[in-house]
Structures are given as structure tokens and as C-alpha cells.
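Novice: I need the structure of the sequence given here:
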Amino acid sequence: MKKISVIIPVYNAEKWLERLIESIKSQTIFCDLEFIFVNDGSTDNSLKILNKVNEPNIKIISQENGGVSAARNNGIKNASGDYIAFIDADVSNFTSEKIDKIIRPILEDRTDITKTKF
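Specialist: Predicted structure coming up:
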């Protein structure tokens, strides 16, 4: 089974994190998923919210503020998946089937890359 690493840069995203985490826990795709939240020096309660998460497939990384690209690169460096997906922490309509819709075409060898508008 293929493993997918989903990298989520976080900067002052406390407003959206709890809903995003709940959506992550309810993903419908049947594959091995790892979620990597990279806290990019948030000054709000984002890190506090992330540190409450106790799920085996969710990693929390914290770094000094370096911008979204540095956070993504740090996530890639710590990823163990066969495929990489990126999600922004402030996405407001992330639902339980989003990862499936993004990744399934790749897993079924119909395409090499996908893009979506949330």
C-alpha cells in the first residue's frame, strides 16, 4: 500500500486548526496517510492546539519563522510517504473526502500530478 505524506504549514492558524484536524481524522481514502504540521513560528495558540493532538499518523514539527516555503521544505525533509500532498492550514472547506479526490487519480495511474481549488 502506498503512503501519502500530507504537509501542512502553520502560521497563526488557530482559527482553522481544530476543524482541519477533525477533518483529517475522518479522511475516507483507503491508504496509509501521515500528516505533518509544520508550525512556522506562530505567535498565537496554533502550537498549543497542535500539541494537544495525539494521533499516531500526525507529526508536529516546530521551527522559527522562515515562511511557507521553508515550512514545506521542512515537512518534505521529515516525510516518509511515497507521495507528497500540500494543504494550507487556513483552508475552510476541507472535508473528509478531499485527500481521496486529490490522490486517487495518482494512485490509479491516471495522472502524475493533481491540483485543486479548495
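
Novice: Only C-alpha atoms from now on, for both contacts and neighbour counts.
Specialist: Noted.

Novice: shaky segments in the protein?
Specialist: Residues of the chain meeting the criterion pLDDT under 70: 117-118.

Novice: what's around the closest residue in space to residue 68 that isn't next to it in sequence, how many residues?
Specialist: With sequence-adjacent residues excluded and distances taken as C-alpha to C-alpha, 6 or more residues apart in numbering, residue 68 is closest to residue 9, at 6.2 Å. Residues lying near residue 9 (other C-alpha atoms under 10 Å) number 27.

Novice: Then residue 9 would be within a helix, right?
Specialist: No - applying DSSP: H, G, I helix; E, B strand; the rest coil, one finds residue 9 to be strand, outside a helix.

Novice: Which residues are in contact with it?
Specialist: 37-40, 68, 71-72, 75, 87-89 (C-alpha atoms under 8 Å, 6 or more residues apart in numbering).

Novice: let's go with 6 Å and repeat that
Specialist: Residue 9 sits next to 37-38, 71 when contact means C-alpha atoms under 6 Å, 6 or more residues apart in numbering.

Novice: Make a markdown table out of these and add neighbour count.
Specialist: A markdown table is the format used below for those (neighbours: other C-alpha atoms under 10 Å):
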| residue | neighbour count |
| --- | --- |
| 37 | 25 |
| 38 | 28 |
| 71 | 26 |
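
Novice: SS state for residue 23?
Specialist: Assigned with three-state DSSP, residue 23 falls in the helix class.

Novice: Touching, residue 65 and residue 40? I think so.
Specialist: Yes - counting by C-alpha atoms under 6 Å, residue 65 touches residue 40, with 4.7 Å between them.

Novice: got the phi/psi numbers for the closest residue to residue 51 other than its chain neighbours?
Specialist: Of all residues beyond its chain neighbours, the one nearest residue 51 is residue 60 (7.3 Å), with distances taken as C-alpha to C-alpha, 6+ apart. The phi/psi pair for residue 60 (degrees, to the nearest 10) reads phi -120, psi 120.
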